[in-house]
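[1] I'd like to go over a predicted model; first the sequence, then the structure.
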Amino acid sequence: MSHYSDEFETEALKVRRYAIGAFAVNTYILMHKESHDAVIVDPGGDVDEVVDGVKSMGAIPKRLLFTHCHIDHVAGAMGMKKAFPEAAVTYHELEQIVADNLLAQSSMFGVPEVEMPKCDVNLKNEMEFMVGRLQFVTFLTPGHTPGSVVFYMPIDKIAFTGDLLFRGSVGRTDFEGGSGTELVKSLKAVTKDIPDEVKLLPGHGKFTTMGVEKASNFYLRIDRYR
Ligand SMILES: [Zn+2]
Ligand SMILES: [Zn+2]
């Protein structure tokens, strides 16, 4: 079964999105067109299909980036690490507690057990990092989980928002470690830090932009949330 859904290009990048598994988590392959340096964001499963995608694009995965470590976002992590051992597993240091909790998550969601490869790069808030010629800024955005992050690419004007911000909606805060107060704070911070024209690539559902969400997303206008 194919889950391939869509693809777009910016001046420097090619981005492909797969909506994978029962939770339709978005797995992204992001490749610098000239150097072919690539990252995979939230490998949620269907490893063979995504690996085929990487190969057909001619991408060279250097990192596995995780917006957070809920089981749907990491279900393909181990398989992807085996396929691309050079790709450094990268997530926020405050998310380790969620990565260590995968057994409980599998029984809670009634899905098979998942193993997480060890973290190679611990991120911190506002940490900037380069992957070849790709530039990322990490924003720590707790609320959905304690170590959820947004990966912002200021040059390319795109941002991976994970389960913080969806088109017309936001992530749940009722899982372990979630907090409505924190989520609202995180939303307010990213709307300040990320300009309106930036394309948002969420953890579930379709693309949007910061401008559209600021104009139409109810949750960006409230002061309190659950
Ligand atoms: Zn999640
Ligand atoms: Zn999710």
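    Perfect, I can see it now. Ligands and ions are numbered 1, 2, ... in the order given.

[2] So what touches the lengthiest helix in the chain?
    Counting residues, the longest helix in the chain under DSSP state H turns out to be helix 180-193. Here helix 180-193 makes contact (C-beta atoms under 8 Å, 6 or more residues apart in numbering) with 139-144, 148, 150, 152, 159, 161, 164-165, 170-171, 173, 210, 213-214, 219-220, 222-226. Backbone N, C-alpha and C define where each C-beta goes, glycine included.

[3] tell me the helices in this protein, going along the chain?
    47-57, 71-74, 77-83, 96-99, 102-109, 180-193, 210-216.

[4] What helices and strands are in contact with the third one?
    Looking back up the chat, that one is helix 77-83. Counting contacts by 3 or more C-beta pairs under 8 Å, 6 or more residues apart in numbering; DSSP states H and E, helix 77-83 is packed against helix 47-57, strand 60-65.

[5] Run through the protein and note the low-pLDDT ranges.
    1-4, 225-226 (pLDDT under 70).

[6] The longest helix of the chain vs ligand 1: in contact?
    No. Applying C-beta under 5 Å from the ion, one finds helix 180-193 separated from ligand 1 by no less than 11.9 Å.

[7] Count the residues that sit near Ser56.
    10 (other C-beta atoms under 10 Å).

[8] circling back: from the contacts of helix 180-193, list just the buried residues.
    139-144, 148, 150, 152, 159, 161, 164-165, 170-171, 173, 210, 213, 219-220, 225 (16 or more other C-beta atoms under 10 Å).

[9] which of the helices of the chain sits most buried?
    Each of the helices of the chain was scored by mean neighbour count; the highest is helix 71-74, a mean of 27, by mean count of other C-beta atoms under 10 Å.

[10] Does anything pack onto it? Which helices or strands?
    Counting by 3+ C-beta pairs under 8 Å, 6+ apart, helix 71-74 packs on helix 102-109.

[11] do the helix it packs on and ligand 2 meet at all?
    No. Using C-beta under 5 Å from the ion, helix 102-109 never reaches ligand 2; the gap is at least 10.4 Å.

[12] In PDB, please show the C-alpha coordinates belonging to that helix.
    What follows is helix 102-109, C-alpha atoms only, in PDB (Å, rounded to 0.1, in the frame of the first residue of the first chain):
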ATOM      1  CA  LEU A 102       7.600   3.700  24.400                       C
ATOM      2  CA  LEU A 103       6.500   0.500  26.000                       C
ATOM      3  CA  ALA A 104       3.700   2.200  27.900                       C
ATOM      4  CA  GLN A 105       2.700   4.100  24.800                       C
ATOM      5  CA  SER A 106       2.400   0.900  22.800                       C
ATOM      6  CA  SER A 107       0.000  -0.600  25.300                       C
ATOM      7  CA  MET A 108      -1.900   2.700  25.600                       C
ATOM      8  CA  PHE A 109      -2.400   3.000  21.800                       C
END
